[in-house]
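A.B. asks: just the structure for this:
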Amino acid sequence: MDKQIVISIKTIILFLLTLFGLFVIYRLGPIIGILLLATLLVISMEQPVRYFMRGVLFNKKISRGLAVLISYSLFVLIILGVLTFIVPPLITELQKMIVSVPYMLQNIKLPEGWQSSVPEMVPDTSKISAGVINATFSIFSNFATFLSVLVISIYMSLDWENIKKGFISLFPKNNEDIVQETIEDIEKNVGAWIKGQLLLMSVIGVASFIGLSILGVRYSVGLGLLSGIFEAIPNVGPVLSALVAGLIGFSDSPIKGVGVVSLFVVIQQLENNLLVPKIMGKVSGFRPLIILLALLVGANFFGIIGAVCAIPVTMIVSTILKKFFGTNN
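C.D. replies: Residues are numbered from 1 along each chain as shown. Predicted structure coming up:
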């Protein structure tokens with residue numbers, strides 16, 4: 001009897017400690033998100049780092065430290081270029097597009113009940129526009145967070161091999177090989193997925209911009225960038241892009257609206273049958289439902305950082321499950 005009471009008390013204490021640990025993890029969500037984002041950045045940058053390490057400078061192989069410096073310098077230059085030349089005009093164009101939505105709807109022949117409610121949308125649309133702009137500036141003005149992620153990532157990249165060895169040493173000797181293989185698979189898969197996804201987003205964004213410009217659709221720059229960004233959401237993203245662009249096209253003329261819809265259908269057919277097989281190669285994608293659930297869960301727990309990390313984390317979990325249990329996503 002006494003023994004059962006002792007076991008029961010231990011179970012209760014263990015349960016309470018587990019709850020406390022989960023509460024601490026929840027409260028430290030932003031910090032955990034930053035560390036997770038830094039780790040994902042390290043994994044993504046590992047391939048460029050290794051590429052530069054194969055190079056020779058002054059008759060000597062480039063050291064890991066110099067390779068890390070070169071890789072992250074190029075990364076920072078790309079980020080600065082995007083923030084300087086792409087984000088400001090995109091914000092301006094999206095603001096104009098959102099504010100003009102009610103006027104576009106007025107130009108489209110809608111049922112009488114809908115037409116009467118269009119003017120009431122103007123104030124709400126203005127609030128949405130202001131909210132989008134404020135949120136965008138808030139994200140990109142958070143320099144401290146970006147700097148923290150960058151600095152942590154650089155230090156982790158410099159000592160990445162030792163970090164991996166230390167992590168592998170936590171496992172039993174007979175499992176070290178499979179853990180090593182799993183880490184290598186994660187580096188390879190996540191790095192390939194990110195590179196392929198960025199290339200797909202760039203190609204779709206440029207193709208949409210060129211096509212919309214030829215058709216004479218307003219806000220072609222913003223719509224092209226929007227199409228590239230939405231490309232990160234399989235199946236659902238392209239449909240949203242087509243709906244927004246089609247709305248603007250039909251507000252000008254039915255012919256232009258049909259042209260916009262046809263353009264996006266052609267782009268998606270080329271993407272599915274040509275670009276995805278060539279660019280993504282053997283990198284396995286996920287079903288749209290899994291992507292949406294991952295984005296919702298990540299955003300709910302960790303906000304913007306969670307949404308950014310959601311898909312790569314899902315890929316990491318999928319890789320681990322496949323390696324240890326042989327499951328398919």
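
A.B. asks: quick one: average confidence on stretch 31-51?
C.D. replies: Per-residue pLDDT over stretch 31-51 has a mean of 84.

A.B. asks: low-scoring stretches of the stretch 1-150 of the chain, by residue?
C.D. replies: 1-8, 29, 86-87, 89-90, 93-142 (pLDDT under 70).

A.B. asks: in it, which spans are helices?
C.D. replies: 2-27, 29-53, 64-85, 87-99, 101-107, 112-117, 121-141, 143-158 (DSSP state H, counting those that start in this stretch).

A.B. asks: give me the residues contacting the last one.
C.D. replies: With Cβ atoms under 8 Å, 6 or more residues apart in numbering as the contact definition, helix 143-158 has outside contacts at 34-35, 37-39, 41-42, 45-46, 49, 64-65, 68, 71-72, 76, 163. The way it works is simple: take the backbone N, C-alpha and C, and place the C-beta from them, glycine included.

A.B. asks: other residues contacting stretch 253-261?
C.D. replies: So stretch 253-261 is contacted by 212, 215-217, 242, 245-246, 248-251 (Cβ under 8 Å, 6+ apart).

A.B. asks: ok, 6 Å please
C.D. replies: Stretch 253-261 is contacted from outside by 215, 245-246, 249-250, using Cβ atoms under 6 Å, 6 or more residues apart in numbering.

A.B. asks: state the phi and psi torsions of Asn59.
C.D. replies: Here is the backbone geometry of Asn59 (degrees, to the nearest 10): phi 60, psi 20.

A.B. asks: low pLDDT regions in the stretch 201-329 of the chain?
C.D. replies: 233-235, 277-289, 301-308, 326-329.

A.B. asks: so which residues of it form helices?
C.D. replies: Using DSSP H, counting those that start in this stretch, the helices assigned to the stretch 201-329 of the chain run over residues 220-230, 236-252, 254-270, 276-280, 288-325.

A.B. asks: for Leu16, which of those is the nearest?
C.D. replies: Minimum separation from Leu16 across the helices of the stretch 201-329 of the chain (Cβ to Cβ) falls at helix 288-325, 22.2 Å.

A.B. asks: who are the packing partners of that closest one?
C.D. replies: Under the contact definition 3 or more Cβ pairs under 6 Å, 6 or more residues apart in numbering; DSSP states H and E, helix 288-325 sits against helix 29-53, helix 176-215.

A.B. asks: need those in JSON lines (columns: mean neighbour count and distance to Ala294).
C.D. replies: Putting those into JSON lines (neighbours: other Cβ atoms under 10 Å; distance: least, Cβ to Cβ, whole Å) gives the following:
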{"stretch": "helix 29-53", "mean neighbour count": "19", "distance to Ala294": "13"}
{"stretch": "helix 176-215", "mean neighbour count": "17", "distance to Ala294": "13"}
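
A.B. asks: between these, which gets nearest to Ile229?
C.D. replies: The closest of the helices and strands packed on helix 288-325 to Ile229 is helix 176-215. By Cβ to Cβ, the value is 6.9 Å.

A.B. asks: so that closest one versus helix 254-270, what angle?
C.D. replies: 150 degrees (axes from the mean of the first three to the mean of the last three Cα atoms, to 10 degrees).

A.B. asks: same for helix 176-215, what does it pack against?
C.D. replies: helix 29-53, helix 160-168, helix 220-230, helix 254-270, helix 276-280, helix 288-325.

A.B. asks: ok, 10 Å please
C.D. replies: Packing partners of helix 176-215 (3 or more Cβ pairs under 10 Å, 6 or more residues apart in numbering; DSSP states H and E): helix 29-53, helix 160-168, helix 220-230, helix 236-252, helix 254-270, helix 276-280, helix 288-325.
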